[in-house]
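>>> coords please:
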Amino acid sequence: MRIDTKNYNMLISCPSDIVDEIEIIENVVNYYNDTTAYNNYIRLNLRYWKWDSYPLMGRDPQEMLYKQFIKECDFAVAFFWTKFGSCTKKYKSGTEDEIEYFRKQGKDVSIFFSDYPIAPSMIDIPQLKNVRKYKKDIDNAQ
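You can find the predicted model right below:
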């Protein structure tokens, strides 16, 4: 008897300062798909705006991402470090927008905050304040 493998689309949601983590996630998911997916009948397909989107003139950027691939994702993994991101029509960042979309859809979303060191001169203080406030809001909501 053959069991079909179930494919899940995993959204990586993060501001632009998350770079090294994207490569780590990609390596971990590729390793899982190469070594374990076959036995578990589950394969993960990474979806990320830098890989899966294309520009369209005259359209809201966040809505464009939803139409192009976000709505097809089964769950999301979100990361913050020192940047919160750029505002959308509804939220203070695209990452927050995506987190709230998944929550409202009843889909799973995991949120991580990095404490990796950074040179003080590289920190955008208002962005970092938004990250800290968001983390506090999430902690208080639990």
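>>> Next SSE downstream of the lengthiest strand in the chain?
Taking DSSP state E as the criterion, the chain has its longest strand at strand 6-13. As assigned by DSSP states H and E, the chain's next helix or strand after strand 6-13 is helix 20-35.
>>> relative to strand 6-13, how tilted is that following helix?
Taking axes from the mean of the first three to the mean of the last three Cα atoms, to 10 degrees, one finds helix 20-35 and strand 6-13 inclined to each other by 170 degrees.
>>> what's the weakest-modelled helix or strand in this structure?
helix 37-40 (a mean of 88; mean pLDDT, DSSP states H and E).
>>> which parts of it are buried?
Of all the residues in helix 37-40, those buried under the rule 16 or more other Cβ atoms under 10 Å are Ala37. Every C-beta, even on glycine, is put in place using the N, C-alpha and C of the backbone.
>>> Likewise for stretch 117-137?
Gln127, Leu128, Asn130, Val131, Tyr134.
>>> swap in stretch 6-24?
Asn9, Met10, Leu11, Ile12, Ser13, Cys14, Pro15, Asp17, Ile18, Glu21, Ile22.
>>> next one: stretch 62-82
By 16+ other Cβ under 10 Å, the buried positions in stretch 62-82 come out as 62, 64-65, 69-70, 73-74, 76-82.
>>> How about stretch 80-91?
Buried, per 16+ other Cβ under 10 Å, within stretch 80-91: Phe80, Trp81, Thr82, Lys83, Phe84, Gly85, Thr88, Tyr91.
>>> can you list contacts of it?
Under the criterion Cβ atoms under 8 Å, 6 or more residues apart in numbering, residues 14-18, 60-62, 92-97, 100, 111-114, 116, 118, 122-124, 127-128, 130-131, 134-135 lie in contact with stretch 80-91.
>>> Okay, and which of these map to strands?
Ile111, Phe112, Phe113.
>>> Bridged to the first one, which residues?
Put plainly, it is Ile111. Legend: beta-bridge partners of Ile111 under DSSP bridges are Ala78.
>>> Might one say that it is in contact with Phe75?
No - Ile111 lies out of contact with Phe75 (Cβ atoms under 8 Å); the separation is 11.9 Å.
>>> ok so, going back, export the buried residues of stretch 80-91 to CSV and tack on distance to Asp34?
Output for the buried residues of stretch 80-91, formatted as CSV (distance: Cβ to Cβ, whole Å):
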residue, distance to Asp34
Phe80, 29
Trp81, 28
Thr82, 33
Lys83, 32
Phe84, 34
Gly85, 32
Thr88, 35
Tyr91, 36
